[in-house]
Structure formats: C-alpha cells, structure tokens
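Peer 1: Next come a sequence and a model predicted from it.
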Amino acid sequence: MKNIEVLGSGCTKCNKTFEAIETQAKQQGAEIEIHKNTSPEALLTYGVMRTPAVVVDGKLVHSGSIPHTADIAEWLK
C-alpha cells in the first residue's frame, strides 16, 4: 500500500490534485492511503516552495502544479 500526502493550503489546485490521485488509484485498482496536509511544518520538512506538492512513501515526487495523469499512474505502480 502506498502512503500519499498532498501538501498545500487547501486551494483548488490542491483539491484537484487529491481528486486526480484518488481517481487514478481507483482506475488502477491500487491500494493507497491518501491524506491532505495543510500544515506549514510539512511544507518546510520537504522543502516545498510551490503547492500543490505530492509526497509518496515519504519522498517528494512533485510540486507546483496539478500532476499529469501519466505521472500519477507511475507513482502508483
């Protein structure tokens, strides 16, 4: 099971990122645990300068935009 965090302020792009990951996981049948994290401490921990940001299993994999579907699919493998 993948542990995924979407980091950000809760803005529209952050919410769309969360939804896109959930949708892709359902389509692939991937088991994930996904959370939104709006704490400034999380952004500092991962050195995020732009949101939304995505952390998969403790590793920052994306920041600054809504990720492409192909990128999400790759993270879920």
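Peer 2: Received it, and whenever you're ready, just let me know what you need.
Peer 1: tell me, how many neighbours does Glu5 end up with?
Peer 2: 20 (other Cβ atoms under 10 Å). The way it works is simple: take the backbone N, C-alpha and C, and place the C-beta from them, glycine included.
Peer 1: Can you pull the phi/psi pair for the closest residue to it other than its chain neighbours?
Peer 2: Spatial nearest neighbour of Glu5, chain neighbours left out: Val55 (4.3 Å); criterion: Cβ to Cβ, 6 or more residues apart in numbering. Main-chain torsions, Val55, degrees, to the nearest 10: phi -120, psi 130.
Peer 1: which one's the longest helix in this protein?
Peer 2: helix 12-28 (DSSP state H).
Peer 1: send the alpha carbons of that helix over as CSV?
Peer 2: Output of helix 12-28 as CSV, limited to C-alpha atoms (Å, rounded to 0.1, in the frame of the first residue of the first chain):
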residue,chain,number,x,y,z
THR,A,12,-8.5,24.5,-5.7
LYS,A,13,-5.3,23.0,-7.3
CYS,A,14,-4.6,21.1,-4.1
ASN,A,15,-8.1,19.7,-4.1
LYS,A,16,-7.9,18.7,-7.8
THR,A,17,-4.6,17.0,-7.2
PHE,A,18,-6.1,15.0,-4.4
GLU,A,19,-9.1,14.0,-6.5
ALA,A,20,-6.9,13.1,-9.5
ILE,A,21,-4.8,10.8,-7.4
GLU,A,22,-7.9,9.1,-5.9
THR,A,23,-9.5,8.7,-9.3
GLN,A,24,-6.3,7.2,-10.8
ALA,A,25,-5.9,4.8,-7.9
LYS,A,26,-9.4,3.5,-8.3
GLN,A,27,-8.9,3.1,-12.1
GLN,A,28,-5.7,1.1,-11.5
